[in-house]
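*Asks:* Dropping a prediction and its sequence here:
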Amino acid sequence: MRIGVAALVALMMGTFSAGADTPLTDVLFKEKQGLKSVTLSRLERMLLRDEGPLDARYSRGWLDKQPAAKGGQQWQCLTEALYFEARGESVKGQFAVAEVIMNRAESSRFPGSVCGVVRQGTGGRKNMCQFSYACDGLPETMSEPKAVLRAGKIARIIVDGGPRPLTKGATYYHAKWVSPRWSRKFARTTTIGVHHFYKPGVEISQN
């Protein structure tokens, strides 16, 4: 006999006991009652009590427990971009930047690969790249081992198809202390850490 989520909640709360001969109608009734009495946030906490908060993966503690990552060219390009663009950000902020890069790689508006996205504009004038580190004239030396390790883990998760819920499909971002002209034409989707995130839309953002 299959017991629904709300019945499971009732069992966890000690308010429902389902034996092998319990009629299905009784189970469904208890499930309905359980859904009425338990808020979504409480349900999430109960079902995920052993996994910590819902955004646990965006904590440094969670990330540090993940195995060291390695990969091919796309992984390397994303790792470098996260290191140079966002290593001073929180883990959540780095995930957000990674989302933008991957969102771009999957958009027809941008090159169709991670490396193509982060290197867009490198054939032009100095400081005219989409990602400034790629053409600022400085050597791309990753000299902070811990930051490289964390960036690599995040890159591995995103390249492998990890969820991207933070930026709501954003394909642009900028630091809070600047106000680029293009940002007034796009819809701001969220703000995380020191960055505002945007995607094309009819809504005009307020800076």
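*Replies:* Received it, and whenever you're ready, just let me know what you need.

*Asks:* Let's see the pLDDT reported for A175.
*Replies:* pLDDT recorded at A175 is 89.

*Asks:* I'd like to know how far the residue nearest to it when sequence neighbours are not counted sits from G93.
*Replies:* Nearest non-adjacent residue to A175, counting by CB to CB, 6 or more residues apart in numbering: V194, 5.5 Å away. Where C-beta positions appear, they are placed from N, C-alpha and C, glycine not excepted. V194 sits 7 Å away from G93, going by CB to CB, to the nearest Å.

*Asks:* Neighbour count for the two, which is higher?
*Replies:* Applying other CB atoms under 10 Å to V194 and G93 shows that G93 carries more neighbours, namely 20 against 15.

*Asks:* Tell me the secondary structure at C129.
*Replies:* With DSSP: H, G, I helix; E, B strand; the rest coil as the basis, C129 sits in coil.

*Asks:* tally of neighbours for it?
*Replies:* Neighbours of C129 (other CB under 10 Å): 18.

*Asks:* tell me the secondary structure for S183?
*Replies:* Under three-state DSSP, S183 comes out as helix.

*Asks:* how many neighbours does it have?
*Replies:* Count around S183 with other CB under 10 Å applied: 19.

*Asks:* Same question for E80.
*Replies:* Counted with other CB under 10 Å, E80 comes out at 23.

*Asks:* Against G88, how distant is the nearest residue to G93 once chain neighbours are set aside?
*Replies:* Take G93 and drop its neighbours on the chain: the residue closest to it by CB to CB, 6+ apart is G193, 3.4 Å away. G193 is 9 Å from G88, where distance means CB to CB.
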